[in-house]
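Asks: Got a predicted model here, sequence first, then my questions.
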Amino acid sequence: MSTVVSFRVDKELKKKMEELSYINWSEVVRRAIAKVVEEESSKKTVKDFVRIRKASIRCKILSRKVEGWSSVEEVRRWRGEFTS
């Protein structure tokens, strides 16, 4: 299903468009909008990958091994506190 979208152009441009009435202006506009949407979506995808990569690097830095600390012991301690 499609929907109607309207936009404004100045009078001079509209006059020139009317002189070229054999051109399907609706199709020209649809293609132009689709192209811009595709380009912007592509940019967003690239930006998302960059953000994911940066987050991955931060996770690796934060997940360093800490001497003298055991995650297993910590989980058992917490479970003991909540089950008592």
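Replies: Sure thing, it's come through.
Asks: Can you pull up the most central residue in the protein?
Replies: Lys44 (4.1 Å; Cα atoms, centre = their mean).
Asks: Only the buried residues of the helix or strand bottoming out on mean pLDDT in the chain, if you could.
Replies: None of the helices or strands of the chain scores lower by mean pLDDT, DSSP states H and E than helix 71-83, at a mean of 87. By neighbour count on 16 or more other Cβ atoms under 10 Å, the buried set for helix 71-83 is empty. C-beta here means a position set from N, CA and C on the backbone, and glycine is covered the same way.
Asks: and the gap between Ser27 and Glu19?
Replies: Not Ser; residue 27 is Glu. To Glu19, Glu27 is 18 Å away according to Cβ to Cβ, to the nearest Å.
Asks: same deal with Val29?
Replies: Applying Cβ to Cβ to Val29 and Glu19 gives a distance of 17 Å.
Asks: the more surrounded of those two?
Replies: Val29 (12 against 9; other Cβ atoms under 10 Å).
Asks: Return the residues in contact with the more buried one.
Replies: Val29 sits next to Phe7 when contact means Cβ atoms under 8 Å, 6 or more residues apart in numbering.
Asks: Could you grab the helix/strand/coil label for it?
Replies: Three-state assignment for Val29 (DSSP: H, G, I helix; E, B strand; the rest coil): helix.
Asks: again with Ser2
Replies: Assigned with three-state DSSP, Ser2 falls in the coil class.
Asks: Please apply the same query to the one 4 residues further on.
Replies: Reducing the assignment at Ser6 to three states with three-state DSSP gives coil.
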